[in-house]
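1. sequence first, predicted coordinates after that:
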Amino acid sequence: MTSTLSDEECERVMDDLIKANIPFDDSMTPWINKRLPRQEDRERFDNWNIHRIMSRQVDTTTPLPRDYWTKIISTNFCNRNSVSSLATLLDGNKNPYIALGSHQGILYRLWPNPSVLEIPDDQVDSNEKRQLCGGGGFILGANMLLSQSRRRRQEPSDESTGSDDSTQGNDDTGFVFVQLGQVESTTPAVRNAILSRSSQNNPADVPWDDTGYALVAEITASNTVGPVWILYNMNPIYPEVGDRTPIDAESTEWGYLENDSIRRAGVKIANHVTELGENYTWNLQKPLEKYKLVYAIYGEQALVGERIYRAKYSLQDDNKQPQYEGKGKAAIYG
């Protein structure tokens with residue numbers, strides 16, 4: 001005989017079960033048997049409860065990889081609400097497997113996190129009064145170390161209030177970026193071994209190692225994402241300490257990708273985030289031997305409207321505090 005127990009009646013049974021303070025284990029069976037003496041009603045209640053639990057899980061499911069890419073690509077970085085929405089997604093506690101491609105036979109994924117990189121305390125300008133992009137952390141600038149000859153050619157343009165540098169956007173002196181998360185790696189052998197023993201076949205279940213690099217995307221003149229870089233985190237958080245500890249730049253223990261003998265503080269890996277994915281082979285361009293994190297700042301540009309500035313200061317003297325220059329002397333991006 002088919003049960004005629006309705007959803008509403010099942011809900012009342014569940015409410016009474018909770019009010020009676022009955023544990024959700026085998027000890028609830030006598031109570032259920034007394035409340036629902038018919039076997040078909042008990043089966044109906046069990047099926048209803050399973051569906052209820054599954055429905056709740058669907059409501060809190062892990063976002064799909066395409067949800068991240070769609071949000072990243074569609075974000076207008078001069079729109080505060082748009083930026084906040086992306087930051088919330090990246091800061092979620094449920095992350096899917098987001099493939100970034102491979103390099104030298106090693107597989108890479110993104111672990112979303114909007115705050116991997118942070119300007120060291122001794123390089124923060126406490127007198128900065130301008131409006132910082134992304135709260136001063138989510139969106140930052142990277143000033144790149146140039147060769148002496150390149151620096152001498154660039155400096156007159158960088159310091160000129162009417163230079164092309166103020167209108168061209170990101171250039172050879174650096175760029176503004178949004179940080180998307182940490183880059184993690186594994187080998188095909190490890191992934192295949194784990195997945196062969198798993199019924200779920202979910203790459204997220206594979207153990208992934210932190211590479212020390214953060215994935216960032218340049219913010220272009222259209223206020224959207226463009227080229228993709230990895231930047232080595234020189235001020236990481238150590239779980240055992242619970243605080244950030246700067247890495248000694250003179251050490252030889254940082255800046256290496258697995259199966260790659262070249263040390264890089266950063267490197268461009270793709271021309272756009274849309275290139276990234278399971279079958280993408282990284283195209284390494286513009287390797288950095290060093291970079292400095294700086295603030296990204298909102299400002300106005302005549303005939304254009306709100307833009308994003310990258311605060312600039314010299315990389316020649318690492319002991320100097322950063323000198324933030326006024327509007328027109330900072331490079332404008334986004």
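-> Received, thanks. Numbers count the residues shown, from 1 in each chain.
2. CA atoms for contacts and neighbours, from now on please.
-> OK.
3. walk me through the domains of this structure.
-> Split into domains by the TED database, the chain comes to 7-57, 65-146+169-297.
4. can you pull out the helices in the stretch 101-250 of the chain?
-> Along the stretch 101-250 of the chain, counting by DSSP state H, counting those that start in this stretch, helices occupy 148-159, 165-168, 188-196.
5. can you flag the weakest of those helices by average pLDDT?
-> Lowest mean pLDDT within the helices of the stretch 101-250 of the chain: helix 165-168, at a mean of 30.
6. where does pLDDT dip in the stretch 151-300 of the chain?
-> Along the stretch 151-300 of the chain, the parts satisfying pLDDT under 70 run over 151-170, 198-200, 239-242, 300.
7. and the strands in it?
-> Counting by DSSP state E, counting those that start in this stretch, one finds strands in the stretch 151-300 of the chain at the ranges 174-186, 209-219, 225-232, 237-238, 243-244, 266-270, 285-288, 291-301.
8. so which of the ones you listed gets nearest Leu64?
-> For Leu64, the closest of the strands of the stretch 151-300 of the chain is strand 174-186, at 15.3 Å, according to C-alpha to C-alpha.
9. show me what that closest one is packed against.
-> strand 106-112, strand 139-144, strand 209-219, strand 305-310 (3 or more C-alpha pairs under 8 Å, 6 or more residues apart in numbering; DSSP states H and E).
10. give me the contact list for the first one.
-> Residues from elsewhere that reach strand 106-112 (C-alpha atoms under 8 Å, 6 or more residues apart in numbering): 90-91, 95, 97-102, 180-188, 215, 258-259.
11. just the buried ones from those residues?
-> When the contacts of strand 106-112 are checked for burial by 16 or more other C-alpha atoms under 10 Å, the buried set is 90, 95, 97-102, 180-187, 215, 258.
12. picking that back up, can you list the strands of the stretch 151-300 of the chain in JSON lines and add distance to Ile50?
-> Below are the strands of the stretch 151-300 of the chain laid out as JSON lines (distance: least, C-alpha to C-alpha, whole Å):
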{"stretch": "strand 174-186", "distance to Ile50": "35"}
{"stretch": "strand 209-219", "distance to Ile50": "36"}
{"stretch": "strand 225-232", "distance to Ile50": "43"}
{"stretch": "strand 237-238", "distance to Ile50": "41"}
{"stretch": "strand 243-244", "distance to Ile50": "43"}
{"stretch": "strand 266-270", "distance to Ile50": "45"}
{"stretch": "strand 285-288", "distance to Ile50": "52"}
{"stretch": "strand 291-301", "distance to Ile50": "49"}
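13. can you tell me which of those strands comes nearest to Glu118?
-> That would be strand 291-301 among those, by C-alpha to C-alpha, at 7.6 Å.
14. buried ones in that closest one?
-> Going by 16+ other C-alpha under 10 Å, strand 291-301 has these buried residues: 291-299, 301.
15. now stretch 99-117
-> By neighbour count on 16+ other C-alpha under 10 Å, the buried set for stretch 99-117 is 99-103, 106-117.
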